[in-house]
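> Sequence and computational prediction follow.
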Amino acid sequence: MRVDLSGRVALVTGGAQGIGEAIAEQLADNGARVGIIDLDQDRASEVAKNLGGHSWCADVSDVTDMERVVNESEQRWGRLDILINNAGINSGGDRAPIHEFSVESWDRIVEVDLRGVFVASRAVIPAILRQRGGRIVNISSIAGVVPLRLQSAFVAAKAGVINLTKSMAIELGAKGILVNAVAPGSTLTDGTKNLFYSDDGVFNEKAQSLLSHIPLGRPAEVEEIAAAVTFLVAPESSYVNGTTITVDGGWTAGYTREW
Ligand SMILES: NC(=O)c1ccc[n+]([C@@H]2O[C@H](COP(=O)([O-])OP(=O)(O)OC[C@H]3O[C@@H](n4cnc5c(N)ncnc54)[C@H](O)[C@@H]3O)[C@@H](O)[C@H]2O)c1
(Lines give C-alpha, C1' and ligand atoms only; values in the text may rest on other atoms or scores of the structure.)
Protein backbone atom coordinates (compact mmCIF):
# COMPACT_ATOMS: atom_id res chain seq x y z
CA MET A 1 0.00 0.00 0.00
CA ARG A 2 1.35 3.41 -0.96
CA VAL A 3 0.54 6.32 1.36
CA ASP A 4 2.41 9.50 2.23
CA LEU A 5 3.95 9.44 5.70
CA SER A 6 6.85 11.71 4.85
CA GLY A 7 7.84 13.96 7.74
CA ARG A 8 6.11 11.71 10.27
CA VAL A 9 7.86 10.00 13.18
CA ALA A 10 6.46 6.66 14.34
CA LEU A 11 7.26 4.46 17.34
CA VAL A 12 6.51 0.75 17.00
CA THR A 13 6.53 -1.33 20.18
CA GLY A 14 7.56 -4.96 19.78
CA GLY A 15 8.98 -4.03 16.39
CA ALA A 16 11.97 -6.38 16.51
CA GLN A 17 10.17 -9.27 14.82
CA GLY A 18 6.88 -10.64 13.54
CA ILE A 19 3.93 -8.31 12.96
CA GLY A 20 5.72 -5.33 14.54
CA GLU A 21 8.69 -5.68 12.21
CA ALA A 22 6.36 -5.76 9.18
CA ILE A 23 4.54 -2.66 10.46
CA ALA A 24 7.85 -0.83 10.97
CA GLU A 25 8.93 -1.78 7.43
CA GLN A 26 5.70 -0.53 5.84
CA LEU A 27 5.80 2.76 7.75
CA ALA A 28 9.44 3.33 6.77
CA ASP A 29 8.72 2.35 3.13
CA ASN A 30 6.04 5.02 3.08
CA GLY A 31 8.37 7.76 4.28
CA ALA A 32 8.09 7.74 8.09
CA ARG A 33 11.09 7.80 10.40
CA VAL A 34 10.70 4.79 12.66
CA GLY A 35 11.75 4.00 16.22
CA ILE A 36 11.63 0.40 17.45
CA ILE A 37 10.90 -0.31 21.11
CA ASP A 38 11.59 -3.89 22.18
CA LEU A 39 13.07 -6.03 24.92
CA ASP A 40 15.18 -7.83 22.32
CA GLN A 41 17.97 -5.32 21.87
CA ASP A 42 19.90 -7.19 19.17
CA ARG A 43 16.95 -7.83 16.85
CA ALA A 44 15.53 -4.36 17.45
CA SER A 45 18.78 -2.63 16.53
CA GLU A 46 19.15 -4.84 13.43
CA VAL A 47 15.63 -3.95 12.22
CA ALA A 48 16.14 -0.25 13.01
CA LYS A 49 19.48 -0.24 11.17
CA ASN A 50 17.89 -1.75 8.05
CA LEU A 51 15.15 0.90 8.11
CA GLY A 52 17.45 3.85 8.83
CA GLY A 53 15.71 4.27 12.18
CA HIS A 54 16.63 3.94 15.84
CA SER A 55 15.90 1.34 18.50
CA TRP A 56 15.39 1.33 22.24
CA CYS A 57 15.66 -1.63 24.58
CA ALA A 58 12.66 -0.87 26.76
CA ASP A 59 9.71 -2.57 28.45
CA VAL A 60 6.34 -1.12 27.39
CA SER A 61 4.92 -1.78 30.85
CA ASP A 62 7.68 0.23 32.56
CA VAL A 63 6.83 3.91 33.10
CA THR A 64 10.45 5.06 33.41
CA ASP A 65 11.51 3.15 30.28
CA MET A 66 8.72 4.66 28.21
CA GLU A 67 9.37 8.21 29.43
CA ARG A 68 13.04 7.81 28.54
CA VAL A 69 12.13 6.61 25.03
CA VAL A 70 9.82 9.56 24.44
CA ASN A 71 12.37 12.12 25.70
CA GLU A 72 15.12 10.66 23.55
CA SER A 73 12.85 10.37 20.48
CA GLU A 74 11.85 14.01 20.71
CA GLN A 75 15.49 15.04 21.14
CA ARG A 76 16.48 12.95 18.12
CA TRP A 77 13.65 13.79 15.72
CA GLY A 78 12.03 16.88 17.26
CA ARG A 79 8.55 15.36 17.09
CA LEU A 80 6.38 12.26 17.50
CA ASP A 81 3.29 11.63 15.35
CA ILE A 82 2.43 7.95 15.45
CA LEU A 83 2.43 5.22 18.11
CA ILE A 84 1.82 1.57 17.28
CA ASN A 85 1.14 -0.44 20.45
CA ASN A 86 2.06 -3.84 19.07
CA ALA A 87 4.21 -5.49 21.80
CA GLY A 88 2.39 -8.45 23.25
CA ILE A 89 2.81 -11.86 24.83
CA ASN A 90 0.66 -14.93 25.38
CA SER A 91 1.18 -18.10 27.39
CA GLY A 92 2.84 -19.87 24.44
CA GLY A 93 1.58 -23.40 24.13
CA ASP A 94 0.62 -23.55 27.83
CA ARG A 95 -3.15 -23.44 27.73
CA ALA A 96 -5.04 -23.89 31.00
CA PRO A 97 -8.59 -23.72 32.27
CA ILE A 98 -9.30 -20.55 34.22
CA HIS A 99 -9.27 -22.25 37.64
CA GLU A 100 -5.80 -23.66 36.92
CA PHE A 101 -4.38 -20.64 35.11
CA SER A 102 -1.07 -19.53 36.65
CA VAL A 103 -1.43 -16.23 38.52
CA GLU A 104 2.12 -15.22 37.55
CA SER A 105 1.35 -15.87 33.90
CA TRP A 106 -1.95 -13.93 34.14
CA ASP A 107 -0.18 -10.96 35.76
CA ARG A 108 2.59 -10.75 33.17
CA ILE A 109 0.22 -11.14 30.18
CA VAL A 110 -2.12 -8.41 31.45
CA GLU A 111 0.88 -6.28 32.42
CA VAL A 112 2.35 -6.31 28.92
CA ASP A 113 -0.75 -6.67 26.71
CA LEU A 114 -3.08 -4.22 28.48
CA ARG A 115 -1.11 -2.14 30.99
CA GLY A 116 1.68 -1.79 28.42
CA VAL A 117 -0.73 -0.13 25.95
CA PHE A 118 -1.77 2.30 28.68
CA VAL A 119 1.77 3.04 29.90
CA ALA A 120 3.22 3.52 26.40
CA SER A 121 0.27 5.68 25.30
CA ARG A 122 0.40 7.75 28.49
CA ALA A 123 4.07 8.52 27.82
CA VAL A 124 3.69 9.26 24.09
CA ILE A 125 0.39 11.21 23.97
CA PRO A 126 1.80 14.51 25.37
CA ALA A 127 4.46 14.47 22.62
CA ILE A 128 1.85 13.84 19.88
CA LEU A 129 -0.31 16.63 21.33
CA ARG A 130 2.65 18.98 20.93
CA GLN A 131 2.27 18.31 17.15
CA ARG A 132 -1.46 19.07 17.50
CA GLY A 133 -2.40 15.60 16.35
CA GLY A 134 -1.39 12.17 15.15
CA ARG A 135 -2.40 8.54 15.21
CA ILE A 136 -2.33 5.64 17.64
CA VAL A 137 -3.00 2.06 16.58
CA ASN A 138 -3.37 -0.65 19.23
CA ILE A 139 -2.86 -4.26 18.22
CA SER A 140 -5.53 -6.42 19.82
CA SER A 141 -6.47 -9.91 18.60
CA ILE A 142 -9.53 -11.77 17.45
CA ALA A 143 -9.31 -13.27 20.95
CA GLY A 144 -10.33 -9.81 22.16
CA VAL A 145 -13.40 -9.90 19.89
CA VAL A 146 -14.50 -13.53 20.37
CA PRO A 147 -12.99 -15.41 23.35
CA LEU A 148 -10.88 -18.50 22.78
CA ARG A 149 -10.85 -21.26 25.39
CA LEU A 150 -7.92 -21.78 27.81
CA GLN A 151 -6.30 -18.38 27.15
CA SER A 152 -8.23 -16.28 29.69
CA ALA A 153 -5.50 -13.72 30.42
CA PHE A 154 -4.84 -13.02 26.74
CA VAL A 155 -8.55 -12.91 25.94
CA ALA A 156 -9.26 -10.47 28.79
CA ALA A 157 -6.26 -8.26 28.03
CA LYS A 158 -7.01 -8.07 24.30
CA ALA A 159 -10.71 -7.30 24.93
CA GLY A 160 -9.50 -4.58 27.29
CA VAL A 161 -7.37 -3.16 24.49
CA ILE A 162 -10.46 -2.79 22.28
CA ASN A 163 -12.39 -0.81 24.89
CA LEU A 164 -9.29 1.15 25.89
CA THR A 165 -8.99 2.10 22.21
CA LYS A 166 -12.55 3.45 22.23
CA SER A 167 -11.90 5.27 25.47
CA MET A 168 -8.78 6.89 24.01
CA ALA A 169 -10.64 7.74 20.79
CA ILE A 170 -13.40 9.67 22.53
CA GLU A 171 -10.94 11.54 24.74
CA LEU A 172 -8.34 12.34 22.11
CA GLY A 173 -10.33 12.72 18.87
CA ALA A 174 -11.18 16.35 19.54
CA LYS A 175 -7.50 17.00 20.20
CA GLY A 176 -6.51 15.65 16.79
CA ILE A 177 -5.30 12.18 17.77
CA LEU A 178 -7.21 9.36 16.07
CA VAL A 179 -7.03 6.03 17.92
CA ASN A 180 -8.00 2.69 16.40
CA ALA A 181 -7.23 -0.99 16.86
CA VAL A 182 -6.37 -3.90 14.60
CA ALA A 183 -7.43 -7.40 15.64
CA PRO A 184 -5.30 -9.97 13.81
CA GLY A 185 -6.39 -13.54 13.35
CA SER A 186 -3.82 -16.32 13.31
CA THR A 187 -0.70 -14.90 11.67
CA LEU A 188 2.47 -16.61 10.48
CA THR A 189 5.36 -15.53 12.71
CA ASP A 190 8.30 -17.38 14.26
CA GLY A 191 6.15 -17.93 17.36
CA THR A 192 3.11 -19.38 15.60
CA LYS A 193 5.33 -21.46 13.30
CA ASN A 194 6.77 -23.08 16.44
CA LEU A 195 3.34 -23.56 17.98
CA PHE A 196 1.16 -24.64 15.04
CA TYR A 197 2.69 -24.18 11.65
CA SER A 198 5.94 -25.52 10.34
CA ASP A 199 8.55 -23.43 8.56
CA ASP A 200 7.91 -25.12 5.22
CA GLY A 201 4.17 -24.36 5.29
CA VAL A 202 3.21 -28.04 5.64
CA PHE A 203 0.65 -27.55 8.36
CA ASN A 204 0.36 -30.25 11.00
CA GLU A 205 -2.88 -31.77 12.26
CA LYS A 206 -3.36 -29.14 14.99
CA ALA A 207 -2.90 -26.40 12.43
CA GLN A 208 -5.32 -28.03 10.00
CA SER A 209 -7.96 -28.12 12.72
CA LEU A 210 -7.42 -24.42 13.42
CA LEU A 211 -7.46 -23.54 9.73
CA SER A 212 -10.76 -25.36 9.21
CA HIS A 213 -12.41 -22.48 11.12
CA ILE A 214 -10.96 -19.85 8.80
CA PRO A 215 -12.96 -19.26 5.59
CA LEU A 216 -9.74 -18.38 3.70
CA GLY A 217 -8.17 -21.64 4.90
CA ARG A 218 -4.80 -20.15 5.76
CA PRO A 219 -3.14 -17.93 8.36
CA ALA A 220 -2.37 -14.27 7.62
CA GLU A 221 1.01 -13.08 6.41
CA VAL A 222 2.47 -10.36 8.65
CA GLU A 223 2.28 -7.88 5.75
CA GLU A 224 -1.51 -8.33 5.61
CA ILE A 225 -1.83 -7.20 9.24
CA ALA A 226 0.62 -4.35 8.67
CA ALA A 227 -1.44 -3.11 5.69
CA ALA A 228 -4.43 -2.42 7.99
CA VAL A 229 -2.14 -0.46 10.31
CA THR A 230 -0.71 1.50 7.39
CA PHE A 231 -4.25 2.47 6.36
CA LEU A 232 -5.04 3.63 9.91
CA VAL A 233 -2.02 5.96 10.06
CA ALA A 234 -2.45 7.27 6.50
CA PRO A 235 -3.93 10.67 5.65
CA GLU A 236 -6.75 8.79 3.83
CA SER A 237 -8.23 7.41 7.11
CA SER A 238 -8.81 10.89 8.55
CA TYR A 239 -12.41 10.13 9.65
CA VAL A 240 -11.76 6.69 11.19
CA ASN A 241 -11.66 6.89 15.00
CA GLY A 242 -12.39 4.37 17.76
CA THR A 243 -12.88 1.35 15.53
CA THR A 244 -11.30 -2.09 15.39
CA ILE A 245 -10.37 -3.56 12.03
CA THR A 246 -10.50 -7.34 12.20
CA VAL A 247 -7.98 -8.96 9.85
CA ASP A 248 -8.75 -12.63 10.24
CA GLY A 249 -9.71 -14.15 6.88
CA GLY A 250 -13.34 -14.19 8.05
CA TRP A 251 -12.67 -16.34 11.13
CA THR A 252 -14.93 -14.30 13.45
CA ALA A 253 -17.58 -13.52 10.80
CA GLY A 254 -19.61 -16.62 11.69
CA TYR A 255 -19.59 -20.41 11.79
CA THR A 256 -17.91 -22.17 8.89
CA ARG A 257 -19.68 -25.46 9.69
CA GLU A 258 -22.96 -26.52 8.14
CA TRP A 259 -25.81 -27.19 10.58
N1 LIG B 1 0.89 -13.82 15.58
C2 LIG B 1 -0.42 -13.96 15.74
O3 LIG B 1 -1.02 -14.95 15.28
C4 LIG B 1 -1.21 -12.90 16.46
C5 LIG B 1 -2.61 -13.03 16.47
C6 LIG B 1 -3.36 -12.07 17.13
C7 LIG B 1 -2.74 -11.00 17.75
N8 LIG B 1 -1.39 -10.91 17.73
C9 LIG B 1 -0.79 -9.75 18.42
O10 LIG B 1 0.06 -9.06 17.54
C11 LIG B 1 1.15 -8.48 18.27
C12 LIG B 1 2.46 -8.96 17.66
O13 LIG B 1 2.45 -10.37 17.69
P14 LIG B 1 3.62 -11.25 17.04
O15 LIG B 1 3.03 -12.57 16.79
O16 LIG B 1 4.32 -10.49 15.97
O17 LIG B 1 4.57 -11.37 18.33
P18 LIG B 1 6.11 -11.79 18.43
O19 LIG B 1 6.23 -12.59 19.68
O20 LIG B 1 6.61 -12.36 17.16
O21 LIG B 1 6.81 -10.38 18.67
C22 LIG B 1 6.51 -9.61 19.78
C23 LIG B 1 7.65 -8.65 20.06
O24 LIG B 1 7.28 -7.90 21.23
C25 LIG B 1 8.42 -7.83 22.07
N26 LIG B 1 7.98 -7.65 23.46
C27 LIG B 1 7.36 -8.57 24.25
N28 LIG B 1 7.13 -8.04 25.45
C29 LIG B 1 7.59 -6.76 25.42
C30 LIG B 1 7.63 -5.71 26.37
N31 LIG B 1 7.18 -5.87 27.61
N32 LIG B 1 8.17 -4.53 25.99
C33 LIG B 1 8.68 -4.35 24.75
N34 LIG B 1 8.67 -5.33 23.81
C35 LIG B 1 8.14 -6.51 24.15
C36 LIG B 1 9.15 -9.16 21.86
O37 LIG B 1 10.51 -9.07 22.25
C38 LIG B 1 8.96 -9.38 20.36
O39 LIG B 1 10.01 -8.79 19.61
C40 LIG B 1 0.96 -8.91 19.72
O41 LIG B 1 0.29 -7.90 20.43
C42 LIG B 1 0.08 -10.14 19.59
O43 LIG B 1 -0.70 -10.39 20.74
C44 LIG B 1 -0.61 -11.83 17.11
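Perfect, I can see it now. Numbers count the residues shown, from 1 in each chain.
> roughly how far is the strand or helix carrying residue 49 from the heart of the chain?
In this structure, residue 49 is located in helix 41-51 according to DSSP states H and E. Relative to the chain's own centre, helix 41-51 is displaced by 18 Å; criterion: CA atoms, centre = their mean, to the nearest Å.
> Remind me what it packs against, helices and strands.
Here helix 41-51 touches helix 18-29, strand 33-38, strand 54-57, going by 3 or more CB pairs under 8 Å, 6 or more residues apart in numbering; DSSP states H and E. No exception for glycine: its C-beta is placed from N, CA and C like everyone else's.
> What residues sit buried inside the helix or strand that the last one is followed by?
This points to strand 54-57. Downstream of strand 54-57, the first helix or strand assigned by DSSP H and E is helix 63-77. Within helix 63-77, the residues scored as buried using 16 or more other CB atoms under 10 Å are 65-67, 69-70, 73-74, 77.
> Next: stretch 142-150.
142-145.
> Show me what that stretch is in contact with.
95-97, 151, 154-155, 157-162, 183-185, 244, 246, 248, 251-252 (CB atoms under 8 Å, 6 or more residues apart in numbering).
> What average pLDDT does it get?
Averaging pLDDT along stretch 142-150 yields 97.
> Quick one: end-to-end distance for that stretch.
14 Å (CA to CA, to the nearest Å).
> what's the offset of it from the middle of its chain?
Worked out by CA atoms, centre = their mean, stretch 142-150 lies 16 Å from the chain centre.
> Spell out which parts of the protein neighbour the ligand.
13-14, 16-20, 37-40, 59-61, 86-89, 112, 116, 139, 141, 184, 186-187, 189-192 (CB under 6 Å from any ligand atom).
> Can you turn the buried part of the residues you listed into a PyMOL selection?
With 16+ other CB under 10 Å as the criterion, this PyMOL line picks the buried residues out of these:
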select buried, resi 13+14+16+17+18+19+20+37+38+39+40+59+60+61+86+87+88+89+112+116+139+141+184+186+187+189+192
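> quick one on the thing from earlier: please dump the buried residues of helix 63-77 into JSON lines; it should also carry distance to residue 49 for every row.
Shown next, in JSON lines, are the buried residues of helix 63-77 (distance: CB to CB, whole Å):
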{"residue": "65", "distance to residue 49": "21"}
{"residue": "66", "distance to residue 49": "22"}
{"residue": "67", "distance to residue 49": "25"}
{"residue": "69", "distance to residue 49": "18"}
{"residue": "70", "distance to residue 49": "21"}
{"residue": "73", "distance to residue 49": "17"}
{"residue": "74", "distance to residue 49": "21"}
{"residue": "77", "distance to residue 49": "16"}
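> Out of the residues you listed, which comes closest to the ligand?
Using CB to the nearest ligand atom, residue 65 comes nearest to the ligand of the buried residues of helix 63-77, at 8.0 Å.
> Surely the closest one touches residue 72?
No. With contact defined as CB atoms under 8 Å, residue 65 does not count as touching residue 72 (10.9 Å).
> overlap in contacts of those two?
The contact sets of residue 65 and residue 72 overlap at residue 56 (CB under 8 Å, 6+ apart).
> Reformat the helices and strands packed on helix 41-51 into a markdown table and put mean pLDDT next to each item.
As requested, the helices and strands packed on helix 41-51 are exported to a markdown table (pLDDT from 0 to 100):
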| stretch | mean pLDDT |
| --- | --- |
| helix 18-29 | 98 |
| strand 33-38 | 98 |
| strand 54-57 | 98 |
